[in-house]
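1. what's the 3D shape of this:
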Amino acid sequence: MAKGITFHTRKWVRPEDLNANGTLFGGSLLRWIDEEAAIYSIIQLGNKHVVTKFMSEINFIASAREGDLIEMGLTAIDFGRTSITLRAEVRNIFTQESILTIEKLVFVNMGEDGKPQPHGYDQITYTRDRIPLEITKALI
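-> This next block holds a predicted model:
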């Protein structure tokens, strides 16, 4: 298990997620990771306008089958001026076996003009204090 990763998101492997071999299709898994990493980045950077810039080598270690429950974990490993770098791991909930690791996923904080914008953060938050204001105002 990658050090410092907290596992929060869980997925149920369903028939529509399988490849021709009857195992979890890598494309489905990568879509889930990209979405979860974007949500994590939005909360960490306090801006709903983030984009995926880079994914390092993707290491498929094992697979999952229909009916398995998997969990995805992420942690911030670096804050750049306009970016955040994450590490990801996916594991089988039942066996705790690692399914996939990605050492670096980079997301860029974007301004209203569609260009990279400094975010001003350098530490992980575990509270919801950075949820973008335009979202929280709509809830009040």
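2. give me the beta-bridge partners of the residue lying closest to Ile93 once chain neighbours are set aside?
-> Once flanking residues are discounted, Ile93 sits nearest to Leu69: 4.2 Å by C-beta to C-beta, 6 or more residues apart in numbering. C-beta coordinates here come from the backbone N, C-alpha and C atoms, glycine included. With DSSP bridges applied, the residues forming beta bridges to Leu69 are Trp12.
3. While we're on Leu69, how confident is the model there?
-> Per-residue confidence at Leu69 stands at 97 (pLDDT).
4. burial of the nearest residue to Tyr40 once chain neighbours are set aside, as a residue count?
-> Residue nearest to Tyr40 in three dimensions, not counting chain neighbours: Leu74, with 4.9 Å by C-beta to C-beta, 6+ apart. Other residues near Leu74 number 25, with proximity taken as other C-beta atoms under 10 Å.
5. Phi, psi for Leu74 please.
-> Note on Leu74: its backbone torsions stand at phi -140, psi 150 [degrees, to the nearest 10].
6. I'd like to know how far it sits from Gly67.
-> According to C-beta to C-beta, to the nearest Å, Leu74 and Gly67 sit 24 Å apart.
7. got a list of what Trp12 touches?
-> Neighbouring residues of Trp12 by C-beta atoms under 8 Å, 6 or more residues apart in numbering: 67-69.
8. again, only using 10 Å
-> By C-beta atoms under 10 Å, 6 or more residues apart in numbering, the contact list for Trp12 reads 64, 66-70, 93.
9. Ok, Thr75 next?
-> If you count contacts by C-beta under 10 Å, 6+ apart, Thr75 has them with 2-6, 40, 86-89, 124.
10. Can you classify it as helix, strand or coil?
-> When classified by DSSP: H, G, I helix; E, B strand; the rest coil, Thr75 comes out as strand.
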